[in-house]
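K.L.:
no sequence on this one, just coordinates:
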């Protein structure tokens, strides 16, 4: 079991109040961070060239399950 709600505590302890670019597909992490009052200015999807060839099936499953996907990737997937 993961406790994403507790993760922002460490960020607050470090004095972080704003994240310029969040590189994570996890909506649970994003919701925990923003729900704790930390502003996220931009969400950046994981670049395709950074995903190993054998991990694309898992990443695709996460995208269809509701993980964050950029608008460009949605258009490409729908074609």
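P.N.:
Looks like it came in fine. All values reported here derive from a predicted model rather than from experimental measurement. Residues are numbered from 1 along each chain as shown.

K.L.:
Can you verify my assumption that residue 17 contacts residue 36?
P.N.:
No: in this structure residue 17 lies outside contact range of residue 36 using C-beta atoms under 8 Å: 10.2 Å. For the C-beta atoms, the positions are set from N, CA and C on the backbone; glycine is no exception.

K.L.:
So which of the two has more stuff around it?
P.N.:
Each of residue 17 and residue 36 had its neighbours counted (other C-beta atoms under 10 Å), and the higher figure belongs to residue 36 (14 against 10).

K.L.:
Now for the more buried one: which residues touch it?
P.N.:
When the contact criterion is C-beta atoms under 8 Å, 6 or more residues apart in numbering, the partners of residue 36 are 5, 8-9, 11-12.

K.L.:
For stretch 11-31, measure first residue to last.
P.N.:
End-to-end distance for stretch 11-31, by C-alpha to C-alpha, to the nearest Å: 14 Å.

K.L.:
Give me the buried stretch members for that stretch, please.
P.N.:
For stretch 11-31, the buried set under the neighbour-count rule, 16 or more other C-beta atoms under 10 Å, comprises 19, 22, 24-25, 29-30.
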